[in-house]
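K.L.:
no FASTA, just this:
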C-alpha cells in the first residue's frame, strides 16, 4: 500500500474491528512522514513487551497514559523503563510518541476494544508496529532489529492491508484525534506545536469525498525578514464536510506563534463537536467556536502569568525581557496602557463547508484580516468573488483574537457570512494577508500567474516556490518590488465535479 | 537640515532614535515632569520591544540620555530589547541645564549608532528612515548660546544618505524668552514646540506612535 492510500483510509474509516487500532497507528505515522530513524531507534520493540509484562504487576492504562503524557507518578515507572521515560520526553518532536498517545486515546475511547484486546495485547501490537518502521530503515539500522519481530510484522501486514481494502468502499466517519478535554492547556499546546501538518503541507483528496483540500503555511520570502512563521492552518474532516481555520499571529504580540497554532486547532475541534452534537450546522457553531478559542487563550495567559519568566518560555518571550513580559501579560488582562498590544494575539478566518443533499454550503467567520475568494467557471469578472476583502496596503489590523477584554470584544464583533451556496467546480481560497501584499490582483489570479497548475500543486511547495520567486523579483527590481512580504498561508478547496 | 520622510524601519533599514531629556532640578518641581518622562520613556521602550519581535534583526537603535550639569548616558546604540528599564528613570537631580554637552553627546551617540547600522549586511541607508532626535528641556540654559548653536548644527549636519537628521526640540512649559534657543536646536524651526508641562507624558507617547507608524515628526509637533 502506498502512503497516500493509507492516509486516505486513516481519515475515512470507522471502528469496526480490533485490528483497526493497529492500522490507525500505522496509517497515522505513515501519513505524518515520521522521522523513522530517530524515533524507532529510541524505542525498541522490547520496550512495549516489557510494559506488557509489567501489566501483570498491576500497571494499568492510566499508568500508560501518564507515561506517555509525562504525568505519571514516577514510583509507578518500571525501573528498566526509567531511561526511556527521560529520553522520550526530551525530544521536542516525536511522531512516534504522538502516534502512541493517539493509539491509547482511541483504546480508551472504545470500551468494546478493551474488553477483547487487553492492554498487554495492545502493547504487543505496538511492538510489531515499531517493527514496521524498523523494516523501512536502511541496512545500517536493520542489523539492530531482532528478526523474530520482523517476522511478526511480515505476518500481520498482509492481514492489515486486506482489511484496509475491505473498508475502503465504506463511507464512514473518521476517527478523532484530539487531546482529552481535561488535559492541561500547556500539554494541549505542546501537542499542537509538535503536530503542524500545515508546515509540511497537507492534502485531502479521497475518492468518496467530494472535496479536495490543500493547506499549508510558510515563513515567507527572505526579503520579508521574518524570524519565524506565525501563520497556521488546520482542516478537520467531519461527516458531511469539513471545518477549517487559518490564523495569522500578530507580529508585535508576544506569543503570536503559539496563539495561532492553538487557535486553529481549538476552533476546528470545537466547531466539529458542536456540529456533531447538534447533528446539523448552525452559524452559532462558528461563533461558539470563537468563544471557545478565547477561553483557551485566557487559560493560556493564566499559565503565562505564572511561568513566562522561566527559561522554558524564552522562545515565547523572544527579545522581551521577563519583567516586561509579565507587565504585558497583566496589561492584556487589564488594558490600562492603550498602546501596549495584547499578548497571544492572532487573526482568524474559520468556517465550515458541508454537503447537504445535492447542495454544497459554506459559512465563514473572520476576526482581523485575510482574504476569502471563490472562483466559478462561466461567471463574469473572471469568475472570482470575494467574501472578505482587505486593503493590500493597510498594515494595521482593527481587531484580533486574544485573551482578555479586547479579545472578548473582537469575538462579539466578528464578521460572519450568511450561508453561501457553492457548486461543483467551485474553488474556494482562504489566505492570510501575506498573499495579498505587494500587488493589486486577487490572490487566485496571482497564484495562477505564478503557477497555472497551482490547484494541483503540493501546497507547501507552492508557497515556497512563490516565495523564492518573490525574492528574485525583489532583487531584480533593485529592491523596489516587495511581493508577499510576510508569512504566507492558504487553504484551497475544490468541489469536485461528478461525472 | 534633514528631510521629513516616511520610510519604514525594517531589519535592513533600521531607524536611529535618540532621546535627550533634561534632568535638571526644575524637572522635579511642579507637574511631576520627571515622573511623566520616566513612565512615558519606559512605555516607549516596551512598545518598541514589541515592534522588534517578529523581525529577523532590529528595526530601531536607541540612544537615551539625561542631562543637567553633565550628561548621563542611559543607553547608546542599543536595540529596544537591550534596554534595562530599571535604569530608564528621570529624577530631576542632575543640577542645572547645560544643553551644549547634551547635544555633543547626541552627536557621538548618533554617529556610533549609524556605524552599527552600516555593519548590517544588506543595510540600505538610502531607504532607511531619517535618524530622529528629540531633545527635551524645561528651563533656561546655562551654556553660551553660540556653543549650543554650534553643537546643534553639527548634529543636524551628520551625513546620512537617506536624507538627514530630524531634530525635534521640545520646550516643557518654557518661558518664551528661553524658548528661542529651542528653535535654533531644532533641525527646522517648525520642529520646535513648547508644550504644556502636564502633556509631557502624552507627547512622548505620541512620539512613540509617530515612530511606530513611520510618520513625519512634523505631524507629531503639530498635535501639540
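P.N.:
Received it, and whenever you're ready, just let me know what you need. The model shown is predicted, which means the values in this text are computed figures rather than measured ones.

K.L.:
which stretches of the stretch 1-150 of chain A have low pLDDT?
P.N.:
Scanning the stretch 1-150 of chain A with the threshold set as pLDDT under 70 gives A:1-50, A:52-59, A:88, A:90-99, A:102-103, A:105-106, A:109-117, A:121-122, A:124-150.

K.L.:
sorry, that was for chain B
P.N.:
Scanning chain B for pLDDT under 70 picks out B:1-6.

K.L.:
What parts of it come near chain A?
P.N.:
Neighbours of chain A within chain B, by CB under 8 Å from any CB of the partner chain: B:10-12, B:43, B:46-47, B:49-57, B:79-81, B:85, B:124, B:127, B:205, B:208-209. (Each C-beta comes from the backbone N, C-alpha and C, glycine too.)

K.L.:
hmm, try it at 6 Å
P.N.:
B:11, B:46, B:47, B:49, B:50, B:51, B:52, B:53, B:54, B:55, B:56, B:81 (CB under 6 Å from any CB of the partner chain).

K.L.:
Check what pLDDT the residue of the stretch 51-200 of chain A at minimum distance from chain B gets.
P.N.:
Scanning the stretch 51-200 of chain A for the residue nearest chain B gives residue A:199, at 16.5 Å (criterion: CB to the nearest CB). With respect to pLDDT, residue A:199 has a value of 95.

K.L.:
List the contacts of the residue nearest to it when sequence neighbours are not counted.
P.N.:
Nearest residue to residue A:199, sequence neighbours excluded (CB to CB, 6 or more residues apart in numbering or on different chains): residue A:217, at 6.1 Å. The neighbours of residue A:217, taking CB atoms under 6 Å, 6 or more residues apart in numbering or on different chains as the test, are A:198, A:229, A:231, A:232, A:233, A:489.

K.L.:
Using the three-state scheme, assign the second one.
P.N.:
This means residue A:229. coil (DSSP: H, G, I helix; E, B strand; the rest coil).

K.L.:
Need the phi and psi values for it.
P.N.:
Main-chain torsions, residue A:229, degrees, to the nearest 10: phi -90, psi 120.

K.L.:
The first one too?
P.N.:
Its backbone dihedrals place residue A:198 at phi -70, psi -30, with angles given as degrees, to the nearest 10.

K.L.:
Could you measure from residue B:41 over to residue B:34?
P.N.:
The gap separating residue B:41 from residue B:34 is 11 Å, by CB to CB, to the nearest Å.

K.L.:
Likewise for residue B:191?
P.N.:
For residue B:191, the distance to residue B:34 equals 24 Å [CB to CB].

K.L.:
Then residue A:445?
P.N.:
Distance, residue A:445 to residue B:34, using CB to CB: 57 Å.

K.L.:
Pull the number of nearby residues for the residue of the stretch 51-200 of chain A closest to chain B.
P.N.:
Per other CB atoms under 10 Å in any protein chain shown, the neighbour tally for residue A:199 reads 18.

K.L.:
And for the one 10 residues further on?
P.N.:
Residues lying near residue A:209 (other CB under 10 Å) number 19.

K.L.:
Among the residues of chain B next to chain A, name the ones in helices.
P.N.:
The helices, defined by DSSP state H, take in B:46, B:47, B:49, B:50, B:51 from the residues of chain B next to chain A.

K.L.:
quick one: which of those residues has the most company?
P.N.:
Greatest neighbour count in those, by other CB under 10 Å, goes to residue B:49: 26 neighbours.

K.L.:
Check whether it really touches residue B:80, as I assumed.
P.N.:
Yes. The pair residue B:49 / residue B:80 is scored as a contact, 4.5 Å apart, by CB atoms under 6 Å.

K.L.:
sorry, back to before: comparing residue A:445 and residue B:34, which residue is more hemmed in?
P.N.:
Higher neighbour count among residue A:445 and residue B:34: residue B:34, with 26 against 14, using other CB under 10 Å.

K.L.:
residues in contact with the more buried one?
P.N.:
Residue B:34 makes contacts with B:27, B:28, B:90, B:91, B:92, as judged by CB under 6 Å, 6+ apart.

K.L.:
Try it again at 8 Å.
P.N.:
If you count contacts by CB atoms under 8 Å, 6 or more residues apart in numbering or on different chains, residue B:34 has them with B:23, B:27, B:28, B:90, B:91, B:92.

K.L.:
Ok, residue A:70 next?
P.N.:
Under the criterion of CB under 8 Å, 6+ apart, the neighbours of residue A:70 are residue A:89.

K.L.:
Just give me the closest of the contacts of residue B:34 to chain A.
P.N.:
Nearest member of the contacts of residue B:34 to chain A, counting by CB to the nearest CB, is residue B:90, at 18.5 Å.

K.L.:
Check the gap between the closest one and residue A:274 for me.
P.N.:
With CB to CB as the criterion, residue B:90 and residue A:274 are 54 Å apart.

K.L.:
With neighbour numbers in mind, choose between these two.
P.N.:
Counted by other CB under 10 Å, residue B:90 and residue A:274 do not tie: residue B:90 has more neighbours, with 24 against 20.

K.L.:
wait, the more buried one sits on residue B:39?
P.N.:
No. In terms of CB atoms under 8 Å, residue B:90 does not count as a neighbour of residue B:39; the distance is 9.6 Å.

K.L.:
Which parts of chain B are helices?
P.N.:
Under DSSP H, chain B gives helices at B:33-51, B:99-118, B:145-156, B:176-185, B:200-212, B:217-222.

K.L.:
for the ones you listed, which one ends up most surrounded?
P.N.:
Comparing the helices of chain B by mean neighbour count (mean count of other CB atoms under 10 Å in any protein chain shown), helix B:33-51 ranks first with a mean of 22.
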